[in-house]
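Undergrad: build me a model from this:
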Amino acid sequence: MPTAKVYNMAGKEVGQVELSEAVFGIEPNMHVLHTAVKNHLANRRQGTQSTLTRAEVSGSTKKPWRQKGTGRARAGSTRAPHWTHGGLAFAPKPRDYSYNINKKVRRLALKSALSDKAQETAIYVIDSLNLDEIKTKQMVNLLETLAIGGKKALVITEERNENVYKSSRNIPGVSVTFGGILNPYEIVNVRALVIDKAALTKIEEVFA
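TA: A predicted model of the protein is given here:
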């Protein structure tokens, strides 16, 4: 059964905790994990690109010259794509890039990401992740004591904790989330997971 070291808020090791085999001990499925990460990034795309077609650019609708007899190529509009200031052929328009994947695939991807971090011993459990006040320096000191200062890290709390969130948001590479709303991309995108012990229990209850 996989295990992780438990630390206090001073960064001192105070014990070990056994991790759920069903969540942190499976063989990571990299194909499924890649599928879930692609899905997450696609769903984040805004798709707001937009350019003007020949129907939308400014300009006259009048035929610029008569069809025959001028010695020039026939032309029906000054807004055609091959004209200067003309519209764009096959112009990109706002679109929705999002798509769904199977719920079982998403869950397997999340377990794969967590298991991969457990194999790398990149999970740091804090016995009580809480701050009495909003103090970025306290979070910086904790991360540096754990030897993950300067690395990308994901701090996971049981529920929204304003002091922890506001103390962490200005640290480069550090993000904060809750135990019940994890996604595989957030996990694979960081080097270490700093998990509140209560949040660890919730993760194992929700995703086991």
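Undergrad: residue 28: neighbour count?
TA: 18 (other C-beta atoms under 10 Å). C-beta coordinates here come from the backbone N, C-alpha and C atoms, glycine included.
Undergrad: sorry, wrong one. I was asking about residue 167.
TA: 23.
Undergrad: can you classify it as helix, strand or coil?
TA: helix (DSSP: H, G, I helix; E, B strand; the rest coil).
Undergrad: buried residues in stretch 9-23?
TA: Across stretch 9-23, burial judged by 16 or more other C-beta atoms under 10 Å covers 9, 17, 19-20, 23.
Undergrad: could you list which of these belong to strands?
TA: residue 17 (DSSP state E).
Undergrad: let's have the buried residues of stretch 9-23 in CSV, adding distance to residue 130 and pLDDT.
TA: Formatted as CSV, these follow (distance: C-beta to C-beta, whole Å; pLDDT from 0 to 100):
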residue, distance to residue 130, pLDDT
9, 7, 90
17, 17, 93
19, 22, 94
20, 23, 93
23, 24, 94
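Undergrad: closest one of the buried residues of stretch 9-23 to residue 123?
TA: Within the buried residues of stretch 9-23, the smallest distance to residue 123 is 7.4 Å, found for residue 19 (C-beta to C-beta).
Undergrad: longest helix of this protein?
TA: In the chain, taking DSSP state H as the definition, the longest helix is helix 103-119.
Undergrad: so which bits of that helix are buried?
TA: In helix 103-119, counting by 16+ other C-beta under 10 Å, buried: 105-118.
Undergrad: which neighbours in the sheet does the helix or strand just after that helix have, and how are they oriented?
TA: Next in sequence after helix 103-119, counting helices and strands by DSSP states H and E, comes strand 123-126. When pairing is defined by DSSP bridges, strand 123-126 lines up against strand 3-7 (parallel), strand 192-196 (parallel).
Undergrad: which residues sit against the last one?
TA: With C-beta atoms under 8 Å, 6 or more residues apart in numbering as the contact definition, strand 192-196 has outside contacts at 114, 117, 122-126, 128-130, 142-143, 146, 148, 151-158, 179, 187, 203.
Undergrad: returning to that earlier point: same list (the strands paired with strand 123-126) but as JSON lines, adding mean neighbour count and mean pLDDT.
TA: JSON lines is the format used below for the strands paired with strand 123-126 (neighbours: other C-beta atoms under 10 Å; pLDDT from 0 to 100):
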{"stretch": "strand 3-7", "mean neighbour count": "17", "mean pLDDT": "93"}
{"stretch": "strand 192-196", "mean neighbour count": "25", "mean pLDDT": "95"}
